[in-house]
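Peer 1: I'll drop the sequence and a predicted model, then ask my questions.
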Amino acid sequence: MWRKTLVTGGVAAIVLALSAISMGTASAAEASSSKGVMKRSAHSFSAPTVFSPPVAWIERDTPVEVVCFVEGQRAPNSDSMYWYRIRQDHNGSSFVHNDNIAAPPTTRPCPQT
C-alpha cells in the first residue's frame, strides 16, 4: 500500500511539474513576441548605445518584434536611457532607442546576462 501511494504521488508530482514548465514556456514566448512600430526612421544598434556598430536602418512605420527593454546610453537630445531589443526578419536582434519606437506597454525588462 505504501509503495503504491509513493509511486502515485511521484507520478502526480511529475505531471504537475511538466504542466508548470509548459505554461511558463508559453508565457515567456508570448512576452517575447510583442509587436511594435517605428515612430521615426532610425538606426538599430548592436548594443544599447549609439557608439556601438549600427545593424540596420529602419524606416518610419516599419513593424518590428519587440523582445524586451534595457537601460543604456542616454541618446543625444533625449531624457531617456531606455532601449528596446528588437528582431527583424533578416537582421537578427538589435537595439532601438526608446524615442524611435512605439513599443507595447506590456514589454518586459530583458533578463540579466
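Peer 2: Arrived safely. Bear in mind that the values here come from a model prediction, so they are computed numbers and not experimental data.

Peer 1: outline the domain layout of this structure.
Peer 2: Listed by automatic domain parsing, the domain ranges of the chain are 1-31, 35-102.

Peer 1: rank those by mean pLDDT and give me the bottom one.
Peer 2: Mean pLDDT is lowest for domain 1-31 among those, at a mean of 41.

Peer 1: please settle this for me: is residue 65 part of a strand?
Peer 2: Yes. Per DSSP: H, G, I helix; E, B strand; the rest coil, residue 65 lies within a strand segment.

Peer 1: bridged to residue 109, which residues?
Peer 2: Beta-bridge pairing for residue 109 (DSSP bridges): residue 69.

Peer 1: spit out the contact partners of it.
Peer 2: 68, 69, 70 (Cβ atoms under 8 Å, 6 or more residues apart in numbering). The C-beta positions use only the backbone N, C-alpha and C, and glycine is treated the same way.

Peer 1: who wins for neighbours among those?
Peer 2: Of all the contacts of residue 109, residue 69 has the most neighbours under the rule other Cβ atoms under 10 Å, reaching 20 neighbours.

Peer 1: what about it, distance to residue 92?
Peer 2: Using Cβ to Cβ, to the nearest Å, we find residue 69 at a distance of 18 Å from residue 92.
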